[in-house]
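S.K.: Here is a sequence together with a model predicted from it:
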Amino acid sequence: MTIDTANPLIVYGLALEKNQDINVGPYAWKTEVDLGYVATLGIPYKLVGRTYDEIRGSFEGETGNPKVTVPTIVTDEGYITDSWVIAEWLESKYGKPERSLFGGSEEGKAFARFINLWADNDLGDQVKILFAPWLYQAQDPVSAGWFRKTKLGDSQEAVDGLVKASKDPQWVDNQSAVVRDKLQTLEKQLALNKEAGRGPFIAGTEYPTHADAAVFGWYAASAAVRPYDLVEKIWNHESLPLVSGWVKDVSRVSGVKVTYPY
C-alpha cells in the first residue's frame, strides 16, 4: 500500500457556528482518536466543522446522503459516515497486527463493538443529560431547532425544562454523580488490566483501540460543556483515579488534545 502523506484526510465534526473548524460532538472525537494512530504513519488529518443547520442542508447535498451525520471523512473512495464504519475503513487500510484499532482479532473487534454500545447507551445517555442543554443553547437558533427536532423529541417544553434544570448547580452535581457511577464499570476494567499486568488501555493493549476511542468521545463532549467543569466533576474525580489516568494516556498516545476556543 502506498501511503499518501501529501493530502490530509478530511474529517467533518460538529461546529457551533458557520466557518468554525471545531468539533464538540462525542462521535467525531472517537474518529479523531482513531485518526491519531493513522497520523503516526505520516498521514495527517484536517478537521472541518459543520453546524446542525449545514449538516441537514448543504452537507446533505454535498455528500448525496440525506441521512449524513458527523463524523464523515473524505477519502479517495468517497464519503464515509459513522464513527464505527470509519473505524472499520481505517482498519482495513492501515491496521497492522501490532497496531490495530480492533486489537488484531475478531474477538478484539467484538469487544470494541460491545464497549462502543456501552459507551453510547449506558454511559452516553447519562452524559447527554448534561451535554444536551448546553449544546442547545450554544448553537445558532436554526441549528438549535434542528437539534431539538432530531435529538430531543421536538418538545420545546421538555427542552425548556432541561435547560432550566441545567442552571441548578445541585442538579448538575447530582447528574455528575450518576455519570461517575456508570464510569465505575470502566474503573473496574482498568483495575483488572492493571492487576493482570496488561496495558493501560481498555482492551489491555499498549496503545488505544477503538474501545478507547468510543469512551473518550464522551469525555471530550463533557469537556465542551460550560459553565460547569465536568472534567473535574466527573473524569478527574477522586473516585475514578484509573479513569483519570486513562484519559491522560489516551490523549498522550493518540496525540489528541481536547481544547475549545471558548
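M.R.: Yep, that arrived. Residues are numbered from 1 along each chain as shown.

S.K.: For residue 176, list the residues it contacts.
M.R.: Under the criterion of CB atoms under 8 Å, 6 or more residues apart in numbering, the contact list for residue 176 reads 130, 230, 233, 234. Quick note: C-beta positions are derived from backbone N, CA and C, even for glycine.

S.K.: at 10 Å what do you get?
M.R.: Taking CB atoms under 10 Å, 6 or more residues apart in numbering as the criterion, residue 176 is in contact with 126-127, 129-130, 222, 228-230, 232-235, 237.

S.K.: Angles on the backbone of it, please.
M.R.: With angles defined as degrees, to the nearest 10, residue 176 shows backbone torsions of phi -60, psi -40.

S.K.: Kindly provide the distance from it to residue 251.
M.R.: 21 Å (CB to CB, to the nearest Å).

S.K.: Isn't residue 94 up against residue 36?
M.R.: No. If you go by CB atoms under 10 Å, residue 94 and residue 36 don't touch, sitting 11.7 Å apart.

S.K.: For the stretch 1-150 of the chain, which segments are assigned as helices?
M.R.: Read by DSSP state H, counting those that start in this stretch, the stretch 1-150 of the chain holds these helices, from start to end of the chain: 26-40, 52-55, 58-63, 83-94, 106-118, 124-138, 141-151.

S.K.: hey, which of those is tucked in deepest?
M.R.: Highest mean neighbour count of the helices of the stretch 1-150 of the chain: helix 26-40, a mean of 24 (counted as mean count of other CB atoms under 10 Å).

S.K.: For the residue nearest the centre of the chain, give its distance to residue 21.
M.R.: Within the chain, the residue whose C-alpha comes closest to the C-alpha centroid is residue 217; the distance, by CA atoms, centre = their mean, is 2.2 Å. Distance check for residue 217 against residue 21: by CB to CB, it reads 18 Å.
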